[in-house]
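S.K.: quick one: sequence and predicted model below, then my questions.
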Amino acid sequence: MKAAVSAVLLASLLAGCATTSDIEDTRRQIDTVNQQAQTRLSSIESKLSNEKLLEMVNQVENLKAEVAKLRGESEVMNYNLQTTQKRQNDLYNDLDTRLAKLEGHGSAASGHTAAPTADGAAAPAGADGVAQASPDYDKALGLLRNRDFDKAVGALKGFIAANPSSPQVPDATYWLGVAHTALRQYDAAIDIHRRFVEQYPSNPKASDALRNVANCQRDLDQVDVAKNTLRRLIKLYPNSSAAAKAKEQLKHM
């Protein structure tokens, strides 16, 4: 009886030992799996971190490129604005100078000297010998002087239509082209100034009309065409002030 109990106890002990060993093996396997899982997780986290970092770097580079592009566009716009303002100021200064000369002719007229018209001929004089100026034409010039170009265009067109035989029509046509230029209506200005040169080639303003054509072509980005127009101006009117200006322009185009 005692022997049987001892055998049972021994078997139980042995069974207990076997169970503990299995548990240890299982724990080791679990630890191994945990370690592998942790290693994989760390690898994934590292990969994700690197990908996010790379993505952030790419985003930063893209932003830098976009900022550089915008800065470049801004500089171009500022340059174009400054260039446009300079050209507009040049046009205004030229306009003021020419109108002042025209006013000088008007003063000469009041001294009983017939004021010259655009083609060099004398304007018709009244009974007292004073050159007669059209009130409508004077009004149009006043609008130009005040830089009210929209109204000046209408006034000049109205004067030309109502007085087709007036000796002041050539001048009015020239100033109409200038008014369109000031309004940046370049196609209309080119057409008017071209017709002006064709109709009044000996007019003192013909050389300036050709230069105005070239400037309008330049502002329309027709640089090669503008160069040809300036060369034509120099050939046709070599001794004019407009030709001298055209030569300077060609150096910078």
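M.R.: Right, received. Where do you want to start?
S.K.: from now on I want contacts and neighbour counts done on CA atoms only, so please keep to that.
M.R.: OK.
S.K.: what's near enough to touch residue 197?
M.R.: 203, 206, 207, 209, 210 (C-alpha atoms under 8 Å, 6 or more residues apart in numbering).
S.K.: and of those, the nearest to residue 155?
M.R.: The nearest member of the contacts of residue 197 to residue 155, counting by C-alpha to C-alpha, is residue 209 at 19.9 Å.
S.K.: hmm, the closest one is touching residue 189, no?
M.R.: No: if you go by C-alpha atoms under 8 Å, residue 209 and residue 189 don't touch, sitting 9.5 Å apart.
S.K.: just the contacts of residue 197: which are in helices?
M.R.: 206, 207, 209, 210 (DSSP state H).
S.K.: distance of the first one from residue 185?
M.R.: In this view, residue 206 and residue 185 are 20 Å apart by C-alpha to C-alpha, to the nearest Å.
S.K.: the more surrounded of these two?
M.R.: Taking neighbours as other C-alpha atoms under 10 Å, residue 206 and residue 185 compare with residue 206 leading, 26 against 14.
S.K.: flag the shaky bits of the stretch 1-150 of the chain, pLDDT-wise.
M.R.: The model of the stretch 1-150 of the chain has pLDDT under 70 over residues 1-19, 22, 73-94, 96, 98-133.
S.K.: for residue 173, grab the count of nearby residues.
M.R.: When neighbours are defined as other C-alpha under 10 Å, residue 173 has 21 of them.
S.K.: that one reaches residue 196, doesn't it?
M.R.: Yes: counting by C-alpha under 8 Å, residue 196 is a contact partner of residue 173 at 6.9 Å.
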